[in-house]
Every structure is written in C-alpha cells, then in structure tokens.
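*Asks:* Here's my sequence, what's the structure:
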Amino acid sequence: MDPKSTRIGWIGTGVMGRSMCGHLMDAGYRATVFNRTVGKTDDLVARGATLAGSPREVAEQSDVVFTIVGFPSDVRSVIIDGDDCVLAGCRSGITIVDMTTSQPSLAEEIAEQAAKLGVISIDAPVSGGDTGAKNAALSIMIGGDTSAVESVRPLFDLMGKTVVHQGGPGRGQHTKMVNQTLIASGMIAVCEGLLYAHKAGLDIPTVLQSVSSGAAGSWSLSNLAPRMVDGDFDPGFFVEHFIKDMGIALDEAARMHLSLPGLALAHQFYQAVAAQGHSKDGTQSLLLALAKMNNINWS
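*Replies:* The predicted structure follows:
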C-alpha cells in the first residue's frame with residue numbers, strides 16, 4: 001500500500017466519503033472518484049483527484065476501490081449490477097472495500113462474485129458520523145479474508161482510530177448492526193433527557209456538564225446533545241439512512257428468531273421523524289418529533 005504505486009478509487013463523496021477519501025489523498029495516494037451528483041466531487045477534484053464517469057471507470061483506474069453509498073440497492077447497483085459496475089471494470093488482484101452500512105447477506109454475495117474474478121472483497125462499515133470522518137477518528141468494523149484485510153489496514157488506519165477485523169465476509173456488517181441497535185435506543189434516552197431538563201426549567205448546558213461525565217455518558221450525549229441545544233439538526237448521519245440500518249437489523253433479528261422490542265420502538269419513532277419532513281436531517285432531529293408529541297416548541 002505504497003502511495004507511490006497504489007491507486008485509490010472512491011465511489012460516494014457525500015457527508016462522510018469526501019473526508020475519508022481526503023485523508024488518503026493527504027497521505028499521498030492518487031485517487032479516482034465518482035459520485036452520482038458530480039458537484040459533490042468538486043473539492044476532491046480541485047485537490048488533484050481524477051473524475052470518472054462510472055463505477056466501472058473507477059475500477060479500471062484503481063488498485064483498491066472504496067465505496068460508501070446510501071442503501072443496499074445502491075451498493076448492488078454500484079458494485080455488481082450492469083455493464084458500468086465496479087466488478088465489470090475489475091482485473092484479478094483488485095480489492096473492493098464497501099464501507100456502506102448494508103446487508104450482511106449482500107456483503108457475502110459480493111465476496112462470492114468477486115472471488116470468481118480473482119477480486120478481493122471486504123465489508124468495512126464505519127461509525128463516528130461526519131465528525132469522526134473529518135477527524136480520521138472512525139470506528140471501522142471489518143469483514144473479509146484475514147490476509148486481505150491486513151494488506152489494506154494501512155489505508156484504514158488513515159481514516160479511523162478503532163480498526164477491528166471481525167471475521168469473514170459479512171461479519172463487519174453484522175457488527176455494525178450491533179452498533180446501530182445500541183445507538184437507536186440510546187438516542188431516545190438522550191432526547192427524552194433533554195426534554196425533561198427543558199420542562200423542569202434547568203439550564204441544559206449545565207446539566208450536560210454534570211451528566212455527560214458520569215454513568216450516563218455516551219458518544220451521542222457528548223456529540224449530538226450540544227447540537228440539539230444549539231438547534232443544529234444538520235446531518236452528520238441522515239435519518240433516512242438510520243431508518244434503513246434499523247430495518248436491516250430488524251430483518252436480521254427476525255431471521256435469527258430474535259426479538260428486539262427496543263430497536264423496533266426506535267424504528268417507529270424515526271419513521272415519525274421522517275413523516276414530519278426530517279428524513280434528510282441528522283439523527284438528532286428525533287428531538288423535534290418527541291418535542292412535538294409533548295407540545296414543546298424547541299428552539
């Protein structure tokens with residue numbers, strides 16, 4: 001993974017992908033980029049990235065291709081379906097790294113199809129949102145062949161602080177489902193705590209100072225609660241993507257005959273958030289839906 005000889009491809013230059021690809025470029029890697037909305041590649045192109053016209057073109061010009069897109073259907077379209085997909089442009093020895101939060105079964109399918117072409121496939125979803133992406137502080141959860149994962153680890157280390165190999169294909173995605181299940185119910189608690197503090201007439205920043213360093217502390221409380229207090233509901237992670245993730249986790253749980261009522265409740269709450277017009281806002285906009293239920297005007 002020498003920057004002088006390893007060519008990087010990057011598909012998906014949105015809220016997180018732009019920063020993640022930027023860290024690799026900062027380390028000296030040459031990048032070829034693609035995004036359906038071409039304007040979202042402008043920053044990277046201005047820094048020296050080559051703009052490709054399709055996922056296939058990215059693969060044709062790369063040794064390692066990273067993807068981080070929206071939904072499993074996007075992953076399928078970009079990597080394995082059609083004449084312009086990544087696999088159509090791959091030669092033997094290329095590595096594909098999908099960092100989208102997607103279905104474990106799809107990760108396994110991609111790995112199987114890639115192997116037929118002599119191509120390596122790794123699933124590596126991330127956690128940490130836009131802040132983690134900007135600060136190269138993501139948690140990266142990896143599924144794939146051990147030797148393949150270790151060969152790409154220098155690139156992961158440029159994007160994340162916690163880089164853990166979880167096992168074979170699909171295991172990274174399963175681990176991300178655990179992550180999303182933990183976050184889902186925790187976000188309800190954060191929002192309800194803030195509403196309680198508001199209703200009780202407390203000074204919320206002072207309350208956060210007290211509770212965030214104790215047993216109630218969490219990443220969401222430390223990073224998203226201050227945004228809510230400031231009325232900042234811009235996306236570090238989109239509501240519509242979180243709904244997608246919870247749906248995948250619930251589907252996997254059903255397949256394993258596992259009941260997760262807390263996750264199901266959070267999923268329903270977030271459906272209400274989307275119905276109120278916040279699907280493109282950040283996950284912290286759950287506060288707005290719960291405030292509306294309580295006839296509280298949050299400002």
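*Asks:* longest strand of this structure?
*Replies:* For the chain, the longest strand by residue count, based on DSSP state E, is strand 160-167.
*Asks:* Please point out which parts of that strand sit buried.
*Replies:* Buried residues in strand 160-167, counting neighbours by 16 or more other C-beta atoms under 10 Å, are found at Gly160, Val163, His165, Gln166. (Glycine included, C-beta is placed from N, CA and C.)
*Asks:* can you put these in JSON lines and add pLDDT and distance to Val149?
*Replies:* Putting the buried residues of strand 160-167 into JSON lines (pLDDT from 0 to 100; distance: C-beta to C-beta, whole Å) gives the following:
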{"residue": "Gly160", "pLDDT": "97", "distance to Val149": "13"}
{"residue": "Val163", "pLDDT": "98", "distance to Val149": "9"}
{"residue": "His165", "pLDDT": "98", "distance to Val149": "5"}
{"residue": "Gln166", "pLDDT": "98", "distance to Val149": "10"}
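*Asks:* now, the most widely separated pair of the residues you listed?
*Replies:* Spatial extent of the buried residues of strand 160-167 (C-beta to C-beta) is set by the pair Gly160 and Gln166 at 13.7 Å.
*Asks:* Okay, now the sheet partners of the longest strand of the chain, with direction.
*Replies:* In its sheet, strand 160-167 lies beside strand 138-143 (parallel), with partners assigned from DSSP bridges.
*Asks:* Show residues contacting the strand it pairs with.
*Replies:* For strand 138-143, the surrounding residues in contact (C-beta atoms under 8 Å, 6 or more residues apart in numbering) are 20, 99, 104, 107, 122-128, 132, 149, 156, 159-176, 179.
*Asks:* Now do the helices in the stretch 101-250 of the chain.
*Replies:* Remark: helices assigned in the stretch 101-250 of the chain by DSSP state H, counting those that start in this stretch are 104-116, 129-134, 146-157, 171-199, 204-211, 219-223, 225-229, 239-255.
*Asks:* Could you name the helices and strands sitting against the second one?
*Replies:* Okay, so that is helix 129-134. helix 17-26 (3 or more C-beta pairs under 8 Å, 6 or more residues apart in numbering; DSSP states H and E).
*Asks:* the inter-axis angle of the helix it packs on versus strand 160-167?
*Replies:* Note on geometry: by axes from the mean of the first three to the mean of the last three C-alpha atoms, to 10 degrees, helix 17-26 and strand 160-167 are set 100 degrees apart in direction.
*Asks:* model confidence over whichever helix or strand comes after helix 17-26, on average?
*Replies:* For helix 17-26, the following helix or strand on the C-terminal side (DSSP states H and E) is strand 30-34. Mean per-residue pLDDT for strand 30-34: 98.
*Asks:* Give me the buried stretch members for the next helix or strand after strand 30-34, please.
*Replies:* With elements assigned by DSSP H and E, the helix or strand that comes after strand 30-34 is helix 42-46. For helix 42-46, the neighbour count (16+ other C-beta under 10 Å) marks Leu44 as buried.
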